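Enquirer: Could you look at this predicted model? Sequence included:
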Amino acid sequence: MPIETWLIFTMGIMLVGSIVALEIRDVLSAIIAIGIVGLAVSIAFLFLQAPDLAIVQFLFEIFALIILVRAFIGKKAHEDSLASNKTAAVVVGVVLLAILFLCLPIFRALPPFGEPLFITSAHYTKMATQETGAANLVASIILDYRAYDTLGEVTVLFAAILGALTVLRTSRRTQKGKESK
Amino acid sequence: MKDQQGMSIIVKTVTRVSVWLILLYGWYIILHGHLTPGGGFAGGVIIALAFLNVMLAYGKDFTVKWLNIQFLKDMEAASITLFLVMGLLGISFGGAFLANFLGKGKLFHLFSAGTIPLFNVIIGIKVAMSLFLVVWVLADIDSTKGGEL
């Protein structure tokens, strides 16, 4: 079977999982549906022959599931439903359809799936092992050719943990202050 | 008092053995990042999950005492600083920011590919510390009365 069929199959699973996660009332079921979406993304990466990305996606999915279960189990879900405002939903739908319609020519202009298009990527795949000496092409790209990207990712992570520590610790301190009063 | 935190003795005994194996696997993934699929990000998450495993099995207080949170914070800040320092060393030795200034070595050897394994180790430490600190902050919030978000 061609790879597109499998991708469309996993994409269908992702779509169903996302809709279930949005619409279902039970929090645990919603979290499990999100997990299904994440694991389907991981499998899609495997089909696209990106094992590095698949491993990272799989592990982060487990990590996110643990955090979500830890944070949300035993708490009441928000009851405000998305479909309450019907006119807004219709307007958003029409706008999205219009954007899709306007984008159709671009989809036609795209090259076929997996076609070698980018000259830089061709250079990477041809020369990476000679130029960097790394057997894993992905490592040579993310840590040598595009180390700036990695620096950016690490900075994002740093900012995230800094924000989390600051905000969450502060809220706890104010809570304690209120209790002592 | 300490025994009442965490899960049952079966889980604790299994965790005592398995956590070292998980840590070893994480380091294997990090150190072989330039040879096999994986690398700093994946290995870092595995290490963070090993710590999370300890936290789930033994409870928060034991883990905080075992791991020394201040040391984790210092490691986290030090690793990103080290990343920048490595980039600046690239300017002085390789001619460009983040340049690969070490020797290439032999293909498929553990000590090859210049600075790539070093960057992998730095990123692995960074990711592991960051993710575990997020979990620790969340657990800390949950345990205080009314401290929910």
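Expert: Thanks, I have it.
Enquirer: Low-confidence regions, chain B specifically.
Expert: In the predicted model of chain B, residues B:1-4, B:141-149 satisfy pLDDT under 70.
Enquirer: And the residue nearest the centre of it?
Expert: Residue closest to the average C-alpha location in chain B (C-alpha atoms, centre = their mean): B:Ala128, at 2.6 Å.
Enquirer: and if you look at chain A?
Expert: Centroid-nearest residue in chain A: A:Gly38, 7.6 Å away (criterion: C-alpha atoms, centre = their mean).
Enquirer: So what's the residue count around B:Ser130?
Expert: Neighbour count for B:Ser130, taken as other C-beta atoms under 10 Å in any protein chain shown: 22. All C-beta spots, glycine's among them, are computed from the backbone N, C-alpha and C.
Enquirer: what does A:Val94 give?
Expert: A count of nearby residues for A:Val94, using other C-beta under 10 Å, gives 10.
Enquirer: swap in B:Met86?
Expert: Using other C-beta under 10 Å, B:Met86 has 19 other residues around it.
Enquirer: Likewise for A:Arg146?
Expert: Counted with other C-beta under 10 Å, A:Arg146 comes out at 15.
Enquirer: Thought B:Val135 was touching A:Leu168, still the case?
Expert: No. Contact criterion C-beta atoms under 8 Å: A:Leu168 and B:Val135 do not qualify, at 11.6 Å.
Enquirer: picking that back up, which residue packs closest to the residue nearest to the centre of chain A, ignoring adjacent ones?
Expert: A:Glu61 (3.6 Å; C-beta to C-beta, 6 or more residues apart in numbering or on different chains).
Enquirer: The one you found is in what secondary structure piece?
Expert: Assessed by DSSP states H and E, A:Glu61 sits inside helix A:51-72.
Enquirer: next one: B:Ser79
Expert: helix B:69-94.
Enquirer: related to what we said a few turns ago, now tell me what touches the helix holding A:Glu61 from outside.
Expert: With C-beta atoms under 8 Å, 6 or more residues apart in numbering or on different chains as the test, helix A:51-72 has contacts from A:27-28, A:31, A:34-35, A:38-39, A:41-43, A:45-46, A:136, A:138-139, B:29, B:37-39, B:41-42, B:45-46, B:48-49, B:52, B:131, B:134-135, B:138-139, B:142.
Enquirer: Now with 6 Å, please.
Expert: Helix A:51-72 is contacted from outside by A:27, A:31, A:35, A:38, A:41-42, A:45-46, A:138, B:37-38, B:41-42, B:45, using C-beta atoms under 6 Å, 6 or more residues apart in numbering or on different chains.
Enquirer: before we move on, what about stretch B:72-92?
Expert: Here stretch B:72-92 has contacts from A:Val154, A:Phe158, B:Phe97, B:Leu98, B:Ala99, B:Phe101, B:Ile122, B:Ile125, B:Lys126, B:Met129, B:Ser130, using C-beta under 6 Å, 6+ apart.
Enquirer: thinking again about what came up before, so the residue nearest to the centre of chain A, which state does it fall into?
Expert: helix (DSSP: H, G, I helix; E, B strand; the rest coil).
Enquirer: Not counting its neighbours along the chain, what's nearest B:Gly26?
Expert: B:Ile46 (3.6 Å).
Enquirer: Name the helix or strand for that neighbour, please.
Expert: Secondary structure (DSSP H and E) places B:Ile46 in helix B:40-58.
Enquirer: quick one: buried residues of stretch B:49-62?
Expert: B:49-60, B:62 (16 or more other C-beta atoms under 10 Å in any protein chain shown).
Enquirer: Just the angle for the helix holding B:Ile46 relative to helix A:51-72, thanks.
Expert: Inter-element angle recorded for helix B:40-58 and helix A:51-72: 30 degrees (by axes from the mean of the first three to the mean of the last three C-alpha atoms, to 10 degrees).
Enquirer: Which strands or helices does helix B:40-58 pack on?
Expert: On a contact count with 3 or more C-beta pairs under 6 Å, 6 or more residues apart in numbering or on different chains; DSSP states H and E, helix B:40-58 meets helix A:51-72, helix B:9-31, helix B:116-143.
Enquirer: And chain A, is the helix or strand following that helix touching that?
Expert: Toward the C-terminus, helix B:40-58 is succeeded by helix B:60-67 as the next helix or strand (DSSP H and E). No. Figure legend: helix B:60-67 not in contact with chain A (C-beta under 6 Å from any C-beta of the partner chain); closest approach 11.3 Å.
Enquirer: Just want the angle from helix B:60-67 to helix B:40-58.
Expert: Relative orientation of helix B:60-67 versus helix B:40-58 (the same axes, to 10 degrees): 130 degrees.
Enquirer: Need the contact partners of helix B:60-67.
Expert: Counting by C-beta under 6 Å, 6+ apart, B:Val54, B:Met55, B:Ala139 sit against helix B:60-67.
Enquirer: what would those residues look like in a markdown table with distance to A:Ile3?
Expert: Formatted as a markdown table, these follow (distance: C-beta to C-beta, whole Å):
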| residue | distance to A:Ile3 |
| --- | --- |
| B:Val54 | 40 |
| B:Met55 | 40 |
| B:Ala139 | 42 |
